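[1] I'd like to go over a predicted model; first the sequence, then the structure.
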Amino acid sequence: MAFFPLLPLALALLSVTLVEGQVIGLGKCPEVKVQEDFDISQYLGAWHEIEKFTAYFEAGKCLRANYTLKPDGHVIVDNEENVNGEVKKAIGDAYIPDPKEAAKIAVRFYSFAPYGPYWVLKTDYKTYTLVWSCVDLLNLTNAQFMWILARERELDPATVDELHKLATGYGIDVTHFSKTDQTGCDS
């Protein structure tokens, strides 16, 4: 019967291997505050990835996301990147589960997959956005993603520093950020 106390640990370790590429933290996800009075209509349009936490599903350069509102209130998420000269796309669906917390968006890229968190921590809608995603794994560990996106392919370093400080204040380790290559991109 000594097997059962080790079952949660085994499942946690299995979960960690299944989410390879994310930042794995100990314990529950850090508590964060999202953008107040978030307005999805101002958020729509093209965003370029400036920095990210490493993700297995992002391997190229020139990463761009475009958000388009559908008549049913859902948002089409059109992600695009250049991988070795070839354009790769991922089309997803997003929606706001609770209008009272509109910056806590749910997104998925496969119809059979569950929706995952896409939380807007801070945005000015015209220049930058800081997006965070975290999922608790059996309350022992968590898997985190974070992105800094901008309307242009470059973002003022002072703004990047400000967003790093905000994330650090929530207990998020920003040393996991890597800069996205936005050079030699077409649009």
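    Nice, I can see it.

[2] excluding its backbone neighbours, what's nearest Glu36?
    Leaving aside its sequence neighbours, Glu36 sits nearest to Ala103 (CB to CB, 6 or more residues apart in numbering; 7.7 Å). To be clear about C-beta, it is placed using only N, CA and C from the backbone, and glycine gets the same treatment.

[3] how close does that neighbour get to Val174?
    20 Å (CB to CB, to the nearest Å).

[4] more neighbours, these two?
    Ala103 (22 against 17; other CB atoms under 10 Å).

[5] ranges for the helices of the chain?
    3-18, 40-43, 157-169 (DSSP state H).

[6] By mean pLDDT, show me the worst of the ones you listed.
    With a mean of 39, helix 3-18 has the lowest mean pLDDT of the helices of the chain.

[7] How about residues contacting stretch 85-103?
    With CB atoms under 8 Å, 6 or more residues apart in numbering as the test, stretch 85-103 has contacts from 34-40, 57, 60, 67, 73-82, 104-109, 115, 118-121.

[8] how about 6 Å then?
    Contact with stretch 85-103 is made by 34-35, 38, 74-75, 77-81, 105-109, 120, as judged by CB atoms under 6 Å, 6 or more residues apart in numbering.

[9] and what of stretch 150-167?
    Here stretch 150-167 makes contact (CB under 6 Å, 6+ apart) with 48, 50, 122, 127-128, 130, 148, 174, 182.

[10] one more time with 10 Å, if that's ok
    For stretch 150-167, the surrounding residues in contact (CB atoms under 10 Å, 6 or more residues apart in numbering) are 30, 32-33, 45-51, 62-64, 121-130, 132, 146, 148-149, 172-177, 179-183, 185, 187.
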